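Participant: attaching a predicted model along with its sequence, questions to come.
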Amino acid sequence: MGKKSQVIEREEVVIRFSGDSGDGMQLTGTLFSDTAALFGNDLSTFPDYPAEIRAPQGTVGGVSGFQVHLGHSEINTPGDFSDVLVAMNPAAIKANAKWIKRGGTVIYDKDNFTVKNIEKAGYEKDPIEEEKLDHCIIIDAPISSMVKEALKDYGLDPKSVLRTKNMFALGMVYWLFDRKLKYTEEYFDKKFQNKPGIAEANKVALRTGYYYAETIEALSPVYKILPAEIAKGTYRNINGNTATAWGLLAAAEKSGLGLFIGSYPITPATGILEELAARKDLGVKSFQAEDEIAGICTSLGASFAGKLAVTSTSGPGLALKSEAIGLAVMAELPIVIINVQRGGPSTGLPTKTEQADLMQALYGRNGECPVVVLAASTPSDCFHFGFEAARIALEHMTPVMLLSDSYLANGTEPWRIPSMKDLPKINPPFADKNDKPFHPYHRDCEKLARSWAIPGTPGLEHRIGGLEKTAKGNVSYVPENHEMMVNVREEKVQRVANEIPDLKVYGESTGDLLVIGWGGSYGYLITAVRELQSEGYRVSLVNFNYIYPLPKNVKKVFKGFKKRVVAELNLGQFANYLRIKHQEFTYDQINKVQGIPFTINDIKEKCIKMLEGM
Amino acid sequence: MEETIVNKYTPKDFKSDQEVRWCPGCGDHAVLSSVQRALPDLGIPKEKFVFISGIGCSSRFPYYMDTYGFHSIHGRASAIASGVKTANPDLSVWQITGDGDALAIGGNHFIHVIRRNIDINIILFNNEIYGLTKGQYSPTSTKGIITKTSPFGTIEEPFSVGELVIGAKGKFFARTIDTNISLSTQIYTEAAKHKGTSVIEVLQNCVIFNDGIHDTVADKEVRDDRTLILKHGQPMIFGKNSDKGLILDGLKLKVVKIGEKGITEKNIIVHDATESNPGIQYMLANMRYPEFPVALGVIRSVEGITYDNAMQEQISEIKKTAKIKCMDDLLMHGSTWKVE
């Protein structure tokens, strides 16, 4: 074991693994994050992959990346610029060059920098030189030939040998960050239980990479990131889609209802359907429908039959579900609609993130058609809001739309595992079996929720549907009745505000500037605002999770600041919404619509400009 | 078993307090009445019946039934009914739909519910016209028909319901005429007993926009000669004097007269609704007057695994050996670490 010449202690560091879609970068990134998490670092990850499953090899369009941000202190975003870039081919340099920090480290597979690949990536001769990366520490490792050499006696075909390249690179990164190989080795033993040859080959590649880095140590500093100070408890890494699915499962358990999901696969929401389809052990009924419409309609049928009903989708799918959401509003049936937002309109940027479905969620239906709208703000709090969406739907007899986004869905972070005993019981307003004759639109005075009579209950037979009804449930075209019912349905949703938490201010409750965010941009906003605060600016943050209805203390909070700026990944939808709901204030905007999250600098620079202009 | 614990119902028990608003003379009245006659004897408690409909004249049906009912949106009844039945296989789920609702806007859901073989009963009112929107052609309208949206005649081929059902791997298909209450009642009963998706095409008359469309076969004067009421295990004989029948001529069906050219009853083919190969049933479903009589009765009734049961069984099977039995198990499974 050689000595490590230069050790740099860092609060936080960002690493990006990048290569062809087929290079296994997602797995490499995941294994690295799991090892970091086990070590006790706080972290946040984000995969960035193309919409094409296998775009032409070696092209920029086919580059798949995985970014990990780990730290000794609280980490709220996957990071903007990377300290270390692992590039498996020239295209990976092309795709990431502008995201490398000054003085960062670039590790690349020299063997893959052939004339052909260099040209394919759009370079003339030398990608490093052409990108002016001479400020970086460059490690040009002959990764392909090293794994070929290391595995020559293992009897594997050349393809399988080259498939271990990513593990060689991972081994190098482990050395760079002084991490142990144990977790990753165990992963291979388990994953390839029945293929010990493959497990061994991956382990050999991993170790060879590690020792190679050790041998060439002088080329790079070793980063040391101490474990983070985090609350006691049991932790796991979780992404937003899994957390959402689990939140719904938790709600099913707490309400005593079976969970039914009717959905159609759509990026980036499919993970929710996949996770729930795997949960037959918890009795989930998952129905992969013939289309988006059937997804929500089967769910609505299941809701009518007395289940906790869910449908998951992304923007284009939500458009198809609109009419059925209207039916759910009219029939006053509980249903959770999850919209994992992606870049739009139309097919747009299917694998990228955006917050541009807000108006669609709020208003994208015919008639006066209110639904409760919630938005999760971190991968792990998708659990809480999945649960909360189901609770509100079931207790208030209303559709609830939960907005997530591609960034939350695929991003991961460590999550302190809750105990089920700490979650509240959910109490749907089931009709009393003696409540005869049953009037489907008879409602309780407090929440205005109608009572729920489940088919199979003797004596409570009744009819509901999309036509306007009287309180007794009879079809009615009487003008005054329609207006009354429209008002009641609206008021029912408004009353949800009686039980949602107050808007929380991060920072002082008065100041020069209030940064306003909603949903998934929380991580970037909180990081930027905290940095501004530490630089002495009088800035605070609010991040909305309850969109419709809004929390009751909005006005009180907004009043405390000289200026308000709404930062969101669209052209200003939430800002415009606030202009309708809280006309007494003016709002500045920070917007970005590039399919990627904000950077901390995006936010800071614009805030400073506003503050300096005051 | 169940019958002993179930109240004895009468058709009246299934009538809701709502005034029936279909046009006087509409075929829907007769369908409602046939269904209300069929349900009491099924041995199913009343609270387990659920009627789901889409949009169209026939889709008002659930309001007139004193059962659980859901009048939904255009074309989606198959999907909603699929959700109801999958969520609770213990219910007896009926879908009420029309030729536009099921075969145009709802075509996708219609073929997929059949493919999955979800145990619901679909009554498809086929009047070959859009009634509720006042007289536009439908996917079953005869080619060339003049309607409000085809003032020069349609230029598209119609669907044949039976053909579509069989093409979608359907296991139960029957056909009846709205006004033939005894045949209809019998068919609804058989459909209810069949495990799997049952599709019943009702040749239904729209008295306002397509009056008499089925008269060439449905009229009392001529129907015995122009329809063939199929009975499983019985020879395919029809006609006022029961003197006509079907034989297989090569690979095709052919109408013959019994007693002529040496044809006897023995030559007439026997109906087998339970044959899984749909070849003959397909030809029967597609018979059109005047070349053939129109087939009525249960044309196809084949046993198969239902989706709703299969899902239930898969869940119970997996639960038996599952390590995760509750949410706390799920939350703690896999790789976790402790911070102390």
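Facilitator: Perfect, thanks for sending it.
Participant: excluding chain neighbours, give the residue nearest to the most centrally placed residue in chain A in space.
Facilitator: In chain A, the residue lying closest to the centroid (CA atoms, centre = their mean) is residue A:408, at 1.0 Å. Taking CB to CB, 6 or more residues apart in numbering or on different chains as the measure, residue A:408 lies nearest to residue A:240, with 3.6 Å between them; neighbours along the chain are not counted. C-beta: built from backbone N, CA, C; applies to glycine.
Participant: surely the one you found is in contact with residue A:415?
Facilitator: No: under the contact definition of CB atoms under 8 Å, residue A:240 does not touch residue A:415, with a separation of 10.6 Å.
Participant: and residue B:82, how far from residue B:117?
Facilitator: Distance, residue B:82 to residue B:117, by CB to CB, to the nearest Å: 11 Å.
Participant: burial count for the residue lying closest to residue B:137 once chain neighbours are set aside?
Facilitator: Here the nearest residue to residue B:137 in space, its sequence neighbours aside, is residue B:147; by CB to CB, 6+ apart that works out to 4.4 Å. Applying other CB atoms under 10 Å in any protein chain shown, we find 19 other residues in the vicinity of residue B:147.
Participant: ok, residue B:82 and residue B:117, which is more surrounded?
Facilitator: Remark: of residue B:82 and residue B:117, residue B:82 carries more neighbours, 32 against 23, as counted by other CB under 10 Å.
Participant: which residues do residue B:82 and residue B:117 both contact?
Facilitator: The contact sets of residue B:82 and residue B:117 overlap at residue B:307 (CB atoms under 8 Å, 6 or more residues apart in numbering or on different chains).
Participant: what parts of the stretch 451-600 of chain A come near chain B?
Facilitator: Within the stretch 451-600 of chain A, the residues that sit near chain B (CB under 8 Å from any CB of the partner chain) are A:455-467, A:474-475.
Participant: please redo it, this time with the cut-off set to 7 Å
Facilitator: The stretch 451-600 of chain A comes close to chain B at residues A:455-458, A:461-467, A:474-475, as judged by CB under 7 Å from any CB of the partner chain.
Participant: before we move on, what about the stretch 201-350 of chain A?
Facilitator: Counting by CB under 7 Å from any CB, the residues of the stretch 201-350 of chain A close to chain B are A:230, A:232-236, A:246, A:249-250, A:253, A:260, A:262, A:280-283, A:285, A:287, A:289-291, A:293-294, A:297-302, A:304-307, A:323-324, A:327.
Participant: show me what contacts residue 22?
Facilitator: No chain was given, so I picked chain A. residue A:54 (CB atoms under 7 Å, 6 or more residues apart in numbering or on different chains).
Participant: let's do chain B instead
Facilitator: B:28-29, B:57.
Participant: which helix or strand contains the residue nearest to the centre of chain A?
Facilitator: Counting by DSSP states H and E, the element that carries residue A:408 is helix A:406-410.
Participant: excluding chain neighbours, what is closest to the closest residue to chain A within the stretch 51-200 of chain B?
Facilitator: For the stretch 51-200 of chain B and chain A, the shortest gap (CB to the nearest CB) falls at residue B:83, measuring 2.5 Å. Using CB to CB, 6+ apart and skipping the chain neighbours, the partner closest in space to residue B:83 is residue A:301 (2.5 Å).
Participant: ok, the one you found - how many residues close by?
Facilitator: If we define neighbours as other CB under 10 Å, then residue A:301 has 34 of them.
Participant: repeat that for residue A:582.
Facilitator: The local packing of residue A:582 (other CB under 10 Å) involves 14 other residues.
Participant: contacts only, for it.
Facilitator: Taking CB under 7 Å, 6+ apart as the definition of contact, the neighbours of residue A:582 are A:554-555, A:558.
Participant: before we move on, what about residue A:337?
Facilitator: Residue A:337 makes contacts with A:296, A:311, A:321, A:325, A:399, A:401, as judged by CB under 7 Å, 6+ apart.
Participant: show me the longest helix that occurs in chain B.
Facilitator: Assignment by DSSP state H gives helix B:307-321 as the longest helix of chain B.
Participant: and that one, how far from the chain's centre?
Facilitator: Averaged C-alpha coordinates place helix B:307-321 at 28 Å from its chain's average position (CA atoms, centre = their mean, to the nearest Å).
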